[in-house]
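Asker: Pasted the sequence and its predicted model underneath.
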Amino acid sequence: MNEDTLGERKYKRRFSLVKEFEQLEERELDRDFDLTEGFKKRYEHVLDRYFSRNPEYWPVYKEPSMAHIINYRNADKAIDEDRLANYPDGDALLERIESESSIPQESRVPDPNNRDDMLLFASILSKNWENPSSVENAISLPTDPAIYGAMMGLLVNPNLVYSEYCGMAEKLERYVIRQMATLAKYDLEGETGATGIFTQGGTFCNLYGYLLGIRKNMPHARTHGMGATQDYRFMNSRGGHYSNTTNLSLLGVDLERRCIRINVTNHNKIDVRDFELQLESCFRLNSIVPTIMLTMGTTDTFGVDEVKPVYEIRERLCAQYKVNYVPHIHVDAAIGWPMIFFLDYDFEKNPLHINEVTLHGLERNVALFKQIKYADSFTIDFQKWGYVPYTSSLVMIKNKQDMKALENSPENFCYFENDLQGQTHLQSTIECSRGATGVFGSYSALKYLGIEGYQTVLAHCLQNANYFRHRLHEFAGVMVLVYQNQGPSVAFRMYDPKVVACIEDEYDFEYNYQHNDEYKARLDRNSNYHRDIFERRGKVGLYTNWVEYISHTAHDEDDRHCFIPGEKAVFVNPRTTFTDIDKFLENLLAANAQA
């Protein structure tokens with residue numbers, strides 16, 4: 001069932017606002033989406049000091065090759081498919097990089113006057129995330145201080161797996177973990193205080209989330225494998241990242257019989273009622289649930305699962321059915337985690353002068369992200385909306401005692417000194433090596449941007465997203481999806497205005513799944529119309545992405561459903577402006593008129 005009636009959706013579409021924005025109805029709405037002068041000044045300062053690649057602020061950029069890359073990219077206005085053609089000797093260099101296979105026989109000394117053409121070619125023609133038009137996904141240019149910090153980590157090359165191999169870098173890791181625990185309102189005191197592990201990407205963080213549940217709730221699995229002594233089921237959301245299932249496959253889990261995928265609402269967040277029914281069924285059947293995987297900030301539509309209701313249901317049912325374990329709740333917040341920078345923001349005084357619409361959306365998100373403290377662990381990707389170079393990911397763990405469940409026998413680590421093994425997470429980590437560049441980059445980004453710097457960049461991105469939603473509503477035939485979620489991701493679907501009289505009615509028809517040829521033909525007709533415009537209009541203003549699963553239908557009486565494709569833009573690029581958005585919309589209008 002839809003969370004909103006059709007009438008409510010039409011109301012929301014008309015005003016480009018969620019229901020709670022009713023107090024803005026009598027005002028001039030365009031003004032509520034504008035950037036305030038106070039915010040502009042703060043944003044321009046942050047952009048200049050921390051995203052400008054200015055060698056006066058960050059002398060590391062004075063190195064000749066780095067300066068060349070920066071200068072070339074700043075002047076590069078070509079879209080991705082034209083960049084090779086515009087590059088000097090691009091075809092010849094491409095032929096070399098695709099065909100050469102020999103290593104030089106003789107050693108050579110670098111000549112500061114002769115740049116490495118191949119290295120520059122590969123660097124400059126890597127994806128240009130510094131281009132303001134780059135909004136395809138939750139990837140962006142790293143901030144200057146994070147690059148500075150990461151380069152220091154590269155220089156000293158510590159391995160965090162073992163104290164003897166990393167020295168003081170291990171203490172820097174703990175430093176950043178304490179900072180993030182404080183930000184998320186995790187307790188740091190005593191033997192049950194928070195801890196964490198820097199690892200290689202959000203998928204590894206989520207793998208730790210599953211593994212924590214397995215080792216705590218199925219201890220025999222360490223030596224005998226899962227299912228050796230008792231039936232089990234993992235739970236995750238249908239709206240979650242694909243690593244929710246690929247990690248289970250990696251662990252050898254039978255996805256069809258051992259994984260319960262919880263339904264999502266039409267806001268793409270977990271259906272709490274369905275979760276309760278599924279968890280209770282597992283407890284009734286004496287089936288262990290090692291881990292419950294939630295998502296706070298889905299990739300395409302920024303759906304945010306509510307953790308507190310899931311936590312309360314877990315606690316109540318565990319007591320009711322007297323189970324002798326507690327399912328581990330892990331939250332994939334790889335994209336959404338930066339919302340915790342606003343947990344203590346003064347929304348009444350609004351010191352950053354964030355515009356009215358975005359301020360209201362932020363306040364709603366903060367209410368949801370305050371619930372992250374109920375998670376037993378959660379994923380942080382500094383490498384996404386945290387503006388730190390790849391790879392920099394952190395799995396936060398609420399109770400450091402959980403790490404003991406991950407520990408392997410000390411006998412497995414015979415070539416490390418026994419007295420030193422316990423000084424790091426050596427016995428508990430998946431990796432045998434853990435690089436520290438993510439730690440150094442994250443520390444530096446947090447130190448120099450500070451909470452206000454991060455708040456400014458995040459608010460800029462969210463104001464861009466809201467402006468884009470607002471402007472899209474002006475176009476006949478464009479349906480903005482789940483704009484209530486108020487994140488950086490904007491998903492939309494286009495319909496032929498010559499054929500579709502009311503897009504709300506059409507989307508309502510698509511949402512209510514039917515298992516027949518007429519339904520499929522109509523859904524395909526609408527999808528093909530949008531896809532054709534997407535392919536023909538070219539990249540102007542913004543580089544958006546086509547997504548085969550931008551939304552989903554309701555489930556029919558047989559629990560069948562299907563995916564609805566569409567288009568998305570993810571506004572995490574600090575260099576994107578309203579001007580870039582306007583250029584995109586002008587091109588979209590022209591392409592739509594020619595369809």
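Answerer: Received the coordinates, thanks.

Asker: Which strand or helix spans Thr245?
Answerer: Assignment of secondary structure by DSSP states H and E places Thr245 within helix 243-250.

Asker: Just the buried positions in the next helix or strand after that helix, please.
Answerer: Along the chain past helix 243-250, the next helix or strand (assigned with DSSP H and E) turns out to be helix 255-258. Using 16 or more other Cβ atoms under 10 Å as the burial criterion, the residues of helix 255-258 that qualify are Arg258. From N, CA and C alone the C-beta is placed, and that goes for glycine too.

Asker: Quick check: mean pLDDT of helix 255-258?
Answerer: For helix 255-258, the mean per-residue pLDDT is 94.

Asker: per-residue confidence for Ser551?
Answerer: The predicted structure lists Ser551 with a pLDDT of 86.

Asker: phi, psi of it?
Answerer: The phi and psi values for Ser551, taken as degrees, to the nearest 10, are phi -150, psi -170.

Asker: do you know how far the residue nearest to it when sequence neighbours are not counted is from Ala465?
Answerer: Closest residue in space to Ser551, ignoring its immediate chain neighbours: Ile564 at 4.2 Å, by Cβ to Cβ, 6 or more residues apart in numbering. Note on Ile564: its distance to Ala465, by Cβ to Cβ, to the nearest Å, is 20 Å.

Asker: where do the helices sit along the stretch 51-200 of the chain?
Answerer: Listed in chain order, the helices of the stretch 51-200 of the chain (DSSP state H, counting those that start in this stretch) span 64-75, 80-86, 90-99, 117-124, 144-156, 163-166, 169-184.

Asker: I meant to write the stretch 301-450 of the chain there.
Answerer: Taking DSSP H, counting those that start in this stretch to define them, one finds helices in the stretch 301-450 of the chain at 307-320, 356-369, 402-406, 418-421, 437-472.

Asker: Phi first, then psi, for the residue of the chain positioned farthest from its centre.
Answerer: The outermost residue of the chain, judged against the average C-alpha position, is Glu106 (45.2 Å), by Cα atoms, centre = their mean. Backbone torsions of Glu106, given as degrees, to the nearest 10, read phi -100, psi 150.

Asker: List the residues that contact the residue most central in space within the chain.
Answerer: Central residue of the chain (Cα atoms, centre = their mean): Ile335, 2.2 Å from the mean position. With Cβ atoms under 8 Å, 6 or more residues apart in numbering as the criterion, the residues that contact Ile335 are 138, 297-299, 302, 381, 384-385, 487-489.

Asker: now, which of the residues you listed sits nearest Arg261?
Answerer: Looking at the contacts of Ile335 and their distance to Arg261, the nearest is Thr298, at 13.9 Å (Cβ to Cβ).

Asker: if I look at the closest one, how far off is Ile139?
Answerer: Relative to Ile139, and taking Cβ to Cβ, Thr298 is found at 16 Å.

Asker: Specify which residue of those two has the higher count of neighbours.
Answerer: For Thr298 versus Ile139, the count of surrounding residues by other Cβ atoms under 10 Å is larger for Thr298: 26 against 16.

Asker: Pretty sure that one sits against Gly240.
Answerer: Yes - using Cβ atoms under 8 Å as the test, Thr298 is close enough to Gly240 to be in contact (7.0 Å).

Asker: Sketch out the low-pLDDT regions of the stretch 301-450 of the chain for me.
Answerer: Applying pLDDT under 70 to the stretch 301-450 of the chain flags the ranges 412-424.

Asker: what do you get for the stretch 151-300 of the chain?
Answerer: Using pLDDT under 70, the stretch 151-300 of the chain drops low at 229.

Asker: Now with 80, please.
Answerer: 227-229 (pLDDT under 80).

Asker: Next one: the residue nearest to the centre of the chain relative to Arg257, how far apart?
Answerer: For Ile335 relative to Arg257 (Cβ to Cβ), the value is 30 Å.

Asker: Which one of Ile564 and Ala465 is surrounded by more residues?
Answerer: When Ile564 and Ala465 are compared for neighbours, Ala465 comes out ahead with 27 against 22, by other Cβ under 10 Å.

Asker: that's a strand at Arg261, yeah?
Answerer: Yes - assigned with DSSP: H, G, I helix; E, B strand; the rest coil, Arg261 falls within a strand.

Asker: Identify the residue nearest it in space, chain neighbours excluded?
Answerer: Going by Cβ to Cβ, 6+ apart, Arg261 has Arg238 as its nearest residue, at 4.8 Å.

Asker: ok, now which ones touch the one you found?
Answerer: Contacts were defined as Cβ under 8 Å, 6+ apart; by that measure Arg238 touches 261-264, 552.

Asker: Leu458: which of the residues you listed is nearest?
Answerer: In terms of Cβ to Cβ, no member of these lies closer to Leu458 than Val264, at 24.7 Å.

Asker: quick one: secondary structure of the residue lying closest to the closest one once chain neighbours are set aside?
Answerer: Across the structure, with Cβ to Cβ, 6+ apart as the measure, the residue nearest Val264 apart from its sequence neighbours is Gly239 (4.1 Å). Using three-state DSSP, the structure places Gly239 in coil.

Asker: so where do the strands sit in this structure?
Answerer: Ranges of strands in the chain, per DSSP state E, are 195-199, 234-237, 259-262, 291-295, 328-332, 377-381, 393-397, 478-481, 489-494, 545-552, 563-570.

Asker: and Gln200, what is it in contact with?
Answerer: Taking Cβ under 8 Å, 6+ apart as the contact definition, Gln200 lies against 391, 393, 431, 434-435.

Asker: now the closest residue to Trp337 other than its chain neighbours, which residues is it bridged with?
Answerer: Distances taken as Cβ to Cβ, 6+ apart put Ile380 closest to Trp337, at 4.7 Å, once the chain neighbours are dropped. Listed beta-bridge partners, Ile380: Leu394 (assigned using DSSP bridges).

Asker: and the nearest residue to Gly90 once chain neighbours are set aside, how many neighbours does it have?
Answerer: When the adjacent residues along the chain are set aside, Gly90 lies closest to Leu84, with 4.7 Å between them (Cβ to Cβ, 6+ apart). Other residues lying near Leu84 total 14 when counted by other Cβ under 10 Å.

Asker: Would you quantify the distance from Gly239 to Ile550?
Answerer: Remark: distance between Gly239 and Ile550 (Cβ to Cβ) = 11 Å.
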